[in-house]
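Student: Provided below for reference: sequence and predicted model.
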Amino acid sequence: MNGALLFLLLQAGDPAGPGRTDPVGQYLADLEKSGVLAPEASPSVEKIKQALVAAETDLVTGNPQVAATRLYRIIESPAWQSLSYSPEYQNAEFTLARALVRSGSYGSARAYLMRILRRGAKQPSFVPAYRAMLDVALESRDQAGVLAALDALPGGDLPADSRYEHEYLRGKVRYEGGDLTAADGAFAAVDRQSRFAASALYFRGLIAARQGHYASARRNLCAIVEPIDNDRFTFFIDGRYYAIKDLAYLALGRIAHEQQKYDDAYYFYFRVPEDSDRLPDALFEASWSMFQKGEYEAAGAFIDQFDRVFPQSPLAPDVLLLHAMIDLKSCAFDKVRVELDALVKTYVPIAAEVAAMIKDPGRRRAVYRRLLAKDRIGREGDRVVDLLKIDSRFYRYYNQIVALDRDAGALPGQVAVWDELTAQRTGQARGSEATEAVQLAQQIAELRPLASGDPALEGEVTSLLREAERAARPVSTRGPFAAEAETVQRLGGQVKELRARLVAAAAGIAEAALVDLDTRLRRLLRQARLTLIDAVIGKKKKLEIEISNLRDGRYPPEMFAKLQLEGLMGDDEEYWPFEGEYWSDEYSNYK
């Protein structure tokens, strides 16, 4: 049995619920019935254990598709159904669901997990399956759908861990639905022994802050970063905790800034570690807090550190403007003008390019290639891409497109397999008789590298290639395996539709980032013009004050030493400022 085809089939439709026939199970049964796939002669628990060991090895080594294919043969093959009572079989079922989650087949994984959960909370796999369902909900973003499915399970008391998982999911759904009061109640029910304890506290802090209850928000967020109880167990910590902790520090700093407690804000921003992804935001916001307090030297120090560590940050224009505002408050008016001239010279062309991209669909599509080349070694700097604040979903969608193309690339080969099976059964050879179509397919395949990095163009080239391959090896309309070949072709159509949806979703994210950048640059350039006006007025005011002081006999400090020297010189002497260097044989105090 071909593993790639089986995996594509299990992605095509979710396993059936009660009373329905699973398509892959029916596929295996048909293969065994036709003699193409030899039935298992002697299924045994020991063989299930061996398959589990091999599948776990596949998961550890990063081959979830291989693990899923291996376990699918056991779970859905009729020959193994007699062992469905055994714990090993049920463990294999849960491991299959894990493999499907790892491979991104969330719909199929969800159906298998629900099959486990329907057996009741007393089953050994119930709690881990419930946890896996939460992972499916968070990864697939179908939180409301998963919550409805969990609520539809047969009644009964949930184990404590599952109850906390359910409350967290309910809180997320209510929070995203705008029902903050219900969300806060659900998050409050999440015990600190839950893996979502820190996340629940963070959301409670956000809810309180949005409602203007800053003291309550601060208590919840401080419980994440600075637990004060003396219990042996504070709360569960896993890989998510440290990212949430950094977010909590940022939130505490912003709350303190909102309350004009700038020293507190500085403290919380300073606590963000140097290896955190949130460090650029922390440095910039800390500098802004010090600027608001009037500590211009400290604000400048933070901004200087930002420039050294994050020169290509999307916040670069904001930082340059803040530099100018700090110098404006320090009365360094000439320096302000230089900085604002640099800002305008650098970002006005970028703003024009972004505006042109928004108006031109072709140029918007070109952003794909530039975004995907962002981390390429040796790449020249791309100022537009560096300034874009891209949602992480963009890269996740693109990775899914790549995986979909990889799996769909096996479809023509699967049609060939069915044709070869037909030839073996009927004695009629079927090969690639369409020589011109084969040559055309080869020529189209050579175009694929040229379309690399542009998902829309890649999709068009892939569609052309599929059509050429179909012409080169037409699907058998008669024979014992005609239905299977047609099913594979139908899967190709579904893959094309799914791919188009992913491309549209990724394009929407890129376009939203462009619109956001256009708004930011317009606002910054407008603020730069206002700051320049303030600098010109400030310099004029400073000159007027200096002239007034000189008229009244008051001299600025920088003139004191010069006037003192000039007062010691005779009428026939001239003062020349020292411009050279002292040599040891000319200056006795050199050493």
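Tutor: Structure received. Residues are numbered from 1 along each chain as shown.
Student: isn't V190 up against R170?
Tutor: No: using CB atoms under 8 Å, V190 makes no contact with R170, being 9.8 Å away. Quick note: C-beta positions are derived from backbone N, CA and C, even for glycine.
Student: who has more neighbours, these two?
Tutor: V190 (27 against 21; other CB atoms under 10 Å).
Student: poorly predicted segments of the stretch 201-350 of the chain, please.
Tutor: Scanning the stretch 201-350 of the chain for pLDDT under 70 picks out 227-237.
Student: now do the helices in it.
Tutor: Listed in chain order, the helices of the stretch 201-350 of the chain (DSSP state H, counting those that start in this stretch) span 214-225, 239-258, 262-270, 279-293, 296-309, 316-329, 333-359.
Student: which residues touch the fourth one?
Tutor: Applying CB atoms under 8 Å, 6 or more residues apart in numbering, the contact partners of helix 279-293 are 249-250, 253-254, 256-257, 260, 262-263, 265-266, 269-270, 272-273, 276, 296, 298-300, 302-303, 305-306, 309-310, 313, 315, 318-319, 322, 325-326, 329.
Student: same check, this time on the first one
Tutor: Helix 214-225 is contacted by residues 198, 201-202, 204-209, 228, 244-245, 248-249, 251-252, 255, 258-259, 271 when judged by CB under 8 Å, 6+ apart.
Student: swap in the second one?
Tutor: Counting contacts by CB under 8 Å, 6+ apart, the residues outside helix 239-258 that touch it are 195, 198-199, 201-202, 205-206, 209, 214, 217-218, 221-222, 224-225, 262, 264-269, 271-273, 276-278, 281-282, 285-286, 288-289, 292.
Student: buried members of those into ChimeraX, please.
Tutor: In ChimeraX, a selection of the buried entries from the contacts of helix 239-258 looks like this (16 or more other CB atoms under 10 Å):
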select :195,198,199,201,202,205,206,209,214,217,218,221,222,224,225,262,264,265,266,268,269,271,272,276,278,281,282,285,286,288,289
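Student: just the buried ones from the contacts of helix 279-293?
Tutor: Members of the contacts of helix 279-293 classed as buried by 16+ other CB under 10 Å are 249-250, 253-254, 256-257, 262, 265-266, 269, 272, 276, 296, 298-300, 302-303, 306, 310, 313, 315, 318-319, 322, 325-326.
Student: what about stretch 312-324, distance to the chain center?
Tutor: Using CA atoms, centre = their mean, to the nearest Å, the mean C-alpha position of stretch 312-324 is found 23 Å from that of the whole chain.
Student: centre-most residue in this structure?
Tutor: Compute the mean C-alpha point of the chain, and by CA atoms, centre = their mean the closest residue is S392, 2.3 Å away.
Student: all strands of the chain, in order?
Tutor: Counting by DSSP state E, one finds no strands in the chain.
Student: can you tell me which helix in it is longest?
Tutor: Using DSSP state H, we find that the single longest helix of the chain is helix 482-551.
Student: what is the orientation angle of it with helix 333-359?
Tutor: Interaxial angle, helix 482-551 versus helix 333-359 (axes from the mean of the first three to the mean of the last three CA atoms, to 10 degrees): 160 degrees.
Student: what packs against helix 482-551?
Tutor: helix 3-12, helix 316-329, helix 333-359, helix 361-372, helix 383-387, helix 393-408, helix 411-426, helix 455-472 (3 or more CB pairs under 8 Å, 6 or more residues apart in numbering; DSSP states H and E).
Student: for L113, which of the helices of the stretch 201-350 of the chain is the nearest?
Tutor: Evaluated over those, closeness to L113 peaks at helix 239-258, with 20.5 Å, by CB to CB.
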